[in-house]
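Q: One predicted model, sequence on top.
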Amino acid sequence: MGQFAQFAINGLMSGAIYALIAIGIVSVFKATKVVNFAHGYLIMFGAYFYFTFSVVVPGQEWAPAWLASWQPDWLLAAKEGLPMFSPMGAVLDWVANLPRILFGLVGALFANAVVGLIIERTLMRPLMGQSIFAMIMVTVGLISIMSGSAQLIWTADAANVPYIAPNMPIRFELFGTMIFIFGTDLVNMVIALLLFGGIVAFVRFTKGGIAIRATAEDSSTAYSMGISVPKVFSRAWVLASTTGAIAGAILATRNGISPSLGLFGFSVLAIVLMGGLDSYIGVFIAAMSVGVMEAMTQWQLGGDWAEIVPYVAVLVVLIWRPHGLMGQKEVERI
Amino acid sequence: MKLNRRSFLASSAAATAVMGTPMILKAQPSEYVVASSLPLTGPFATAGQLVSPALKMFEAIVNEDGGIGGVPIRTTIEDSGYVPATALANYQRALATEPNMVMYYGDSTGFMKLVAPELKGDNATLMGSTSFASDLANPAENPYQYLPGPSYEDQVDILLQNIKDAGGSTVAFIFSNTEFGRDPIEHGKKKAEELGIKVVLEEATKAQGADIPTHVTKLAQSGAEHCILQGYVTGVWPQLIGGARQFGLPTQFHGTFWGMEKLIADRVTAEAGPFLDGYSGVMPYRYSYDQEEAPAYQRYAAFQKKAFAGTPLENYMPTWGLQSLVSLNLGIEALRRVANKGEEITADRAAEELAGIKDFDTGGFFGGPVSMVDNKIGTGRVYTYKADSGLFVPSSDWFTV
């Protein structure tokens, strides 16, 4: 039972990251009916911006030393003699990195929001009123543009970034088994859940959220009722790119920086289809389920099955409910 | 003119000379082409982009040394994105557009296996690659493809022998779920059994973005004393080791060629601490900073300083670049041997000369002279990473398997 709990927790932590990635796809679809195939690459840009502001900029000669590593006397004294991977050592390392972590996150949020806005204003908005298929094709083309641009700007070099949270080991006993969790994964999960909850609350309870929902229902009617549909489009893209920036930063801490980060978007697309393209709650359930299924399959059947079993489940769900677990069934009126 | 025996012989000799001239001219083109496919984009773009300048350096140095029989070479590089079908298309395009192509350099096990059946008749070309896949060292089936070092199976054999010699009794295999990752696993299990080492875990992971906590949990459950990592390049292997150390596992980690790059180990150390200290693995070649007994390295270093100033290659050649240089140098040696015999260069003749390379001095890439046996060079040694110096240092003698 303890082992089951360990792998379930691991799965939930992966699922939370999937959910965070999926928010962006759902947000853009809800507002614009466009499935953004390039979302993984928006996330990759977020990761590279986090790398730029947390590693590249603080490493420059002109940058203040405290930005790269904050080393007040009390911190140095506290670190003295601590073994590597001690919980306190991990916290103190994180404190020393805190200025560049914050700088990296703020920079990534801002820069990715600008990228999202540029995509919306220059590529998506001119196609408003045209076939949705054309807009989807633009996002497919965007994959090549973004992947090529990233390599031009940052090269294909692999690199590492600082953890967003203290990466201390957390151990506790459950059902007679010692459970182990990486501190940073736990915090990543909390960040993902808070963001997810915040966005669902925003869409449910705020004026801006109601505008997104109204546009999702029928953009022409929403327009005629005084809702600025272009603004809703912009907001959706900014939401997708800022949540993508956080997701990218988290992925970069887990896997390092490389152009292959963009590929994550495709695996999450299947999860979004399972949950329902326009349902935050459905996508959340799907993301958590796939995360847990992956971990359980890895545990019981090994890695050969871990990539297959969850996606077979996605297919089964789609056969049973073509619009996903909680997706809205489209009604065509003749 | 009166035709007698003497005038007949003289006329015949003149006619033969006239008719033969175009063939001689054809056998001496203005240049030979060494074409290649590299992953300049895609998951292994880091490696592809670092190897690419090494190919241009190789071209310059080979031409300084007189090319192949006095004919200069030209290298071409096309992007495969690490997609075997794209690399195959690149090869077919090179065949069609480069009539003087004498050698091809491929970029993956997948491509080398895909192209193998096509290497027949006029389509055959001498072919090295970035892969150490065991199936590629099979001269009976495919004499044109070769390995510039020991196969992954050989490398795992060496690691297992080292584990045995160190008194190890249990081992875990963690590998990426790719052809590259799986290549030596079945063989490794048999070898471990032969040596009396118990395989306590076989764990396949994603090649990128692996679920580190889950894999580390399984490693902890297995209780493995040693863990062999296979099928990774820039990512996953450092995260697995870091995760295991945080978990408090005492497991000793070992890697094969593609997981032994100093640039990656240094970056991980700089960002996440010295947890890779003690990580060891098989390396067929000297690291590029070990130049004392390697005149070829000294020459490359002088070239790099001048040509690659301001880039990561200025003072260091990644192991991935060294592998390409060895592979291409072996191919060039075979082609030069054909040319030196005054014969026209064909894939068959080149393959024959390649198979006959014995006690060849590579200029210090390996520990001593090497021989091509079964289209591979089974030489290497174990290196261990020292986080304080940022160097992989030798922890065994050179050995031949």
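A: Yep, it's here.

Q: from here on, contacts and neighbour counts on C-alpha atoms
A: Fine.

Q: Buried ones in stretch B:364-384, by neighbour count?
A: B:364-368, B:370-384 (16 or more other CA atoms under 10 Å in any protein chain shown).

Q: scratch that, stretch B:176-192
A: Along stretch B:176-192, these residues count as buried under the neighbour rule (16+ other CA under 10 Å): B:176-178, B:180-185, B:187-189, B:191-192.

Q: now stretch B:147-156
A: Taking 16+ other CA under 10 Å as the neighbour-count basis, stretch B:147-156 is seen to contain the buried residues B:L147, B:P148, B:G149, B:P150, B:S151, B:Y152, B:E153, B:D154, B:Q155, B:V156.

Q: The fifth one reaches B:G378, doesn't it?
A: Put plainly, it is B:S151. Yes: proximity of B:S151 to B:G378 meets the contact threshold set by CA atoms under 8 Å, at 7.3 Å.

Q: hang on, the earlier thing: cross-reference the buried residues of stretch B:147-156 with the helices and report the matches.
A: Within these, residues falling in helices by DSSP state H are B:Y152, B:E153, B:D154, B:Q155, B:V156.

Q: The helix or strand harbouring B:A192 close to chain A?
A: Applying DSSP states H and E as the criterion places B:A192 in helix B:185-195. No: if you take CA under 8 Å from any CA of the partner chain as the test, helix B:185-195 misses chain A, and the best it gets is 13.4 Å.

Q: between the helix or strand following that helix and helix B:185-195, how many degrees?
A: Per DSSP H and E, helix B:185-195 leads on to strand B:198-205 as the next helix or strand towards the C-terminus. The directions of strand B:198-205 and helix B:185-195 differ by 170 degrees, with axes from the mean of the first three to the mean of the last three CA atoms, to 10 degrees as the criterion.

Q: Was I right to think A:L239 contacts A:G24?
A: Yes: at 6.6 Å, A:L239 counts as touching A:G24 under the criterion of CA under 8 Å.

Q: So which of these two has more stuff around it?
A: Neighbour comparison, A:L239 and A:G24: the larger count goes to A:G24, with 26 against 22 (by other CA atoms under 10 Å in any protein chain shown).

Q: What separation do you get for that one and B:K358?
A: Taking CA to CA, to the nearest Å as the measure, A:G24 falls 60 Å from B:K358.

Q: what does the stretch 1-150 of chain A have sitting close to chain B?
A: Counting by CA under 8 Å from any CA, the residues of the stretch 1-150 of chain A that sit close to chain B are A:F7, A:N10, A:S14, A:F85.

Q: Which other helices and strands does whichever strand or helix holds the second one contact?
A: Under the criterion DSSP H and E, the helix or strand holding A:N10 is helix A:2-32. Other helices and strands packing on helix A:2-32, by 3 or more CA pairs under 8 Å, 6 or more residues apart in numbering or on different chains; DSSP states H and E, are helix A:39-51, strand A:177-182, helix A:183-205, helix A:207-217, helix A:229-255, helix A:264-275, helix A:280-300, helix B:212-222.

Q: Make TSV out of these and add mean pLDDT.
A: Converted to TSV, these look like this (pLDDT from 0 to 100):
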stretch	mean pLDDT
helix A:39-51	95
strand A:177-182	82
helix A:183-205	88
helix A:207-217	85
helix A:229-255	90
helix A:264-275	87
helix A:280-300	90
helix B:212-222	88
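
Q: Deepest in the core, which of the ones you listed is it.
A: helix A:39-51 (a mean of 30; mean count of other CA atoms under 10 Å in any protein chain shown).

Q: what's in contact with that one?
A: A:21, A:24-25, A:104-105, A:107-109, A:111-112, A:116, A:143, A:146-147, A:150, A:154, A:160-161, A:240-242, A:244-252, A:257, A:259, A:261-266 (CA atoms under 8 Å, 6 or more residues apart in numbering or on different chains).

Q: In three-state terms, label the nearest residue to B:E202 once chain neighbours are set aside for me.
A: In this structure, B:E202 finds its nearest non-sequential neighbour in B:F173, 4.9 Å apart by CA to CA, 6 or more residues apart in numbering or on different chains. Here B:F173 is recorded as strand under DSSP: H, G, I helix; E, B strand; the rest coil.

Q: mind checking pLDDT for B:F173?
A: You'll see B:F173 listed with a pLDDT of 97.

Q: Now stretch B:114-134: buried residues?
A: B:115-116, B:119, B:124-134.

Q: State the mean pLDDT of that stretch.
A: The average pLDDT within stretch B:114-134 is 90.

Q: next one: that stretch to chain centre, how far?
A: For stretch B:114-134, the separation from the chain centroid amounts to 14 Å (computed by CA atoms, centre = their mean, to the nearest Å).

Q: give me the number of residues near the closest residue to chain B within the stretch 1-150 of chain A?
A: The minimum distance from the stretch 1-150 of chain A to chain B, using CA to the nearest CA, falls at A:F85 (5.7 Å). Here the count is done by other CA under 10 Å, and A:F85 has 19 residues near it.

Q: Is the residue nearest to A:A156 when sequence neighbours are not counted in a helix, a strand, or coil?
A: Leaving out its chain neighbours, the residue that sits closest to A:A156 by CA to CA, 6+ apart is B:T46, at 4.8 Å. Each residue gets one of three states, and B:T46 gets helix by three-state DSSP.

Q: Would you enumerate the residues in contact with B:T46?
A: Going by CA under 8 Å, 6+ apart, B:T46 touches A:T155, A:A156, A:D157, A:A158, A:S258, B:L40, B:T234.

Q: neighbours around the fourth one, how many?
A: A:A158 has 24 neighbouring residues, counting by other CA under 10 Å.

Q: so what's it closest to, chain neighbours aside?
A: A:S258 (5.0 Å).

Q: Next, work out how far apart the one you found and B:Q239 are.
A: When A:S258 is compared with B:Q239 (using CA to CA), they lie 14 Å apart.

Q: Of these two, which one has the most company?
A: Taking other CA under 10 Å, A:S258 and B:Q239 do not tie; A:S258 has more neighbours (28 against 23).

Q: Cheers, nothing more for now.
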